[in-house]
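Asker: Fold the following.
(one chain, ligands or ions: 1)
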Amino acid sequence: MSKLDFVLEEIVTANRILANEGIVDSFGHVSARHSEKPDHYLLSRARAPERIERDDIVEYKLDGTAIDERGRAPYLERFIHGAIYEARPDVHAVVHNHSPSVIPFGVTGTKLKPLLHMCASCGHEVPIWDSRDQFGDTTLLVSNMDMGRDLARHLGRNPTTLMRGHGATVVGRSVRHAVFIAVYLEVGAKLQMQAMTMTTATGNIKFLSAGEVDRIVARVNDYTLNRAWENWARRAGREMQMQPAA
Ligand code: MN
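Answerer: All right, here's what the predicted structure looks like:
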């Protein structure tokens, strides 16, 4: 299997996993940087993640121009992906979702912070991007490269940013890594809301310390990612593929 075949199949599996785990519904998308052309990326045509097949995946330039579109209508919000690949050479996969439990943290000023070891991958800081700050009243959709680049600037070096009134964008060094962070971002948000009902002040929650976050992030290796991926893929009716030799 070529590296390109591998990544195309990974994108299909990622979409099915994220749908099955409730991280995306009929909306949301996942992309990967092209395995041979780092200034191109791969993303499905506009379609619900649970329905995506390999033939739906289109190659795009970083500015969102499709290569060989063949009538396959693109996601309006594809600019999220290209702008992040442009700004972050370390990023090889991007997940954009409307992950339900993260939404309250984008609109209340209550900071989302990791309190479970599995959630350390959301990092020390989860920034919140508010489209209104730069663009005023919009549909909140990232509908051009200017908005995508503003979002990418706001993401900075972090693994994720929330998007006020909209959702979240998560990045990773591989498709499996981005999916892992996105799943545990939703888990962590739900747990923090539960913890907040048990205590009168956020200050009473024992979050992970900065040192704990660093140690856990350093330990999230292929073994961890593959163990989760195999399970989630099977649950979504897909098999885990073997990684082609580097
Ligand atoms: Mn969206």
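
Asker: all strands of this protein, in order?
Answerer: With strands called from DSSP state E, the chain shows them at 29-33, 40-44, 57-61, 66-67, 93-97, 128-129, 160-163, 167-172.

Asker: mind checking which of these is nearest Ile23?
Answerer: Closest to Ile23 of these is strand 93-97 (Cβ to Cβ; 5.3 Å). For the C-beta atoms, the positions are set from N, CA and C on the backbone; glycine is no exception.

Asker: about what we covered before: same list, the strands of the chain, but as a markdown table with distance to Pro104 please.
Answerer: Output for the strands of the chain, formatted as a markdown table (distance: least, Cβ to Cβ, whole Å):
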| stretch | distance to Pro104 |
| --- | --- |
| strand 29-33 | 22 |
| strand 40-44 | 28 |
| strand 57-61 | 32 |
| strand 66-67 | 35 |
| strand 93-97 | 15 |
| strand 128-129 | 11 |
| strand 160-163 | 10 |
| strand 167-172 | 12 |
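
Asker: got those as JSON lines, with mean neighbour count, distance to Ala236 and mean pLDDT columns?
Answerer: What follows is these, written out as JSON lines (neighbours: other Cβ atoms under 10 Å; distance: least, Cβ to Cβ, whole Å; pLDDT from 0 to 100):
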{"stretch": "strand 29-33", "mean neighbour count": "27", "distance to Ala236": "13", "mean pLDDT": "98"}
{"stretch": "strand 40-44", "mean neighbour count": "23", "distance to Ala236": "15", "mean pLDDT": "98"}
{"stretch": "strand 57-61", "mean neighbour count": "19", "distance to Ala236": "17", "mean pLDDT": "98"}
{"stretch": "strand 66-67", "mean neighbour count": "14", "distance to Ala236": "27", "mean pLDDT": "96"}
{"stretch": "strand 93-97", "mean neighbour count": "29", "distance to Ala236": "15", "mean pLDDT": "98"}
{"stretch": "strand 128-129", "mean neighbour count": "20", "distance to Ala236": "29", "mean pLDDT": "98"}
{"stretch": "strand 160-163", "mean neighbour count": "24", "distance to Ala236": "22", "mean pLDDT": "98"}
{"stretch": "strand 167-172", "mean neighbour count": "27", "distance to Ala236": "18", "mean pLDDT": "98"}
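
Asker: Tell me which of these lies nearest to Ala87.
Answerer: Here strand 167-172 is closest among these (Cβ to Cβ), at 9.9 Å.

Asker: Might you list the low-confidence residue ranges for this structure?
Answerer: Of all residues in the chain, those with pLDDT under 70 make up the ranges 201-202, 246.

Asker: ok, now how distant is the residue most central in space within it from Pro49?
Answerer: Using Cα atoms, centre = their mean, the residue of the chain that lies closest to the mean C-alpha position is Val95, 2.5 Å off. Val95 sits 10 Å away from Pro49, going by Cβ to Cβ, to the nearest Å.

Asker: That's all I had, so thanks and see you.
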